[in-house]
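structure for this input, please:
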Amino acid sequence: MRVLGILLVALGILALAVPSFTFFTTDRAVDAGFFTIDVQRPHTIVLNPLVGIVAAVAGVAMLFAPRRADAL
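This next block holds a predicted model:
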C-alpha cells in the first residue's frame, strides 16, 4: 500500500509539473508507386491540474494511513 502511495504522489507531482504533452503520428496520404506523401498529425493529451492534486493528496493519505489490524 505504501508503494502505491509513493507512485500516486510521484504521478500527482508529474501531472502538476507537465500540464500537457504532444506526440505525432505519421499517416500515408498518397502512395502512387514512386510518389508518396506522408502527413504528420499532432495529438495532445492535456492533464488537468485537479487530477494531479487529487492523486498527490490520495498518495499522501495512503502513506500516512495506519496498517490494518489482523482479524481475529
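
would you map the strands across the protein?
20-32, 35-46 (DSSP state E).

out of those, nearest to I53?
Nearest of those to I53, taken as C-beta to C-beta: strand 35-46 at 15.2 Å. C-beta coordinates here come from the backbone N, C-alpha and C atoms, glycine included.

can you give me the buried ones in that closest one?
Residues of strand 35-46 classed as buried under the neighbour-count rule (16 or more other C-beta atoms under 10 Å) do not occur.

do stretch 16-32 as well
Those buried within stretch 16-32 under the rule 16+ other C-beta under 10 Å are L16.

ok, now stretch 44-61?
47, 52, 55-56, 59.

now, which of the residues you listed sits nearest V9?
Nearest to V9 among the buried residues of stretch 44-61, with distances taken as C-beta to C-beta, is G59, at 3.5 Å.

do you know the pLDDT at Q40?
If you check Q40, the pLDDT there is 94.

any idea how far the closest residue to it other than its chain neighbours is from A61?
Nearest residue to Q40, sequence neighbours excluded (C-beta to C-beta, 6 or more residues apart in numbering): F24, at 4.8 Å. Look at F24 and A61: by C-beta to C-beta, to the nearest Å, they are 38 Å apart.

now do L8
Counting by C-beta to C-beta, the gap from L8 to A61 is 9 Å.

and V18, by the same measure?
Distance from V18 to A61, by C-beta to C-beta: 23 Å.

ditto for T22
32 Å.

beta partners for the residue nearest to Q40?
Assessed by DSSP bridges, F24 has beta-bridge partners P42.

quick one: the residue nearest to I45 when sequence neighbours are not counted from R28, how far?
The spatially closest residue to I45, leaving aside those adjacent along the chain, is F21, at 5.8 Å (C-beta to C-beta, 6+ apart). Here the criterion is C-beta to C-beta. By it, F21 lies 25 Å from R28.

and for F64?
From F64 over to R28 (counting by C-beta to C-beta), the distance is 53 Å.

how about V46?
For V46, the distance to R28 - C-beta to C-beta - is 28 Å.

pretty sure V18 is touching V46, no?
No: contact between V18 and V46 fails when scored by C-beta atoms under 8 Å: they sit 10.4 Å apart.
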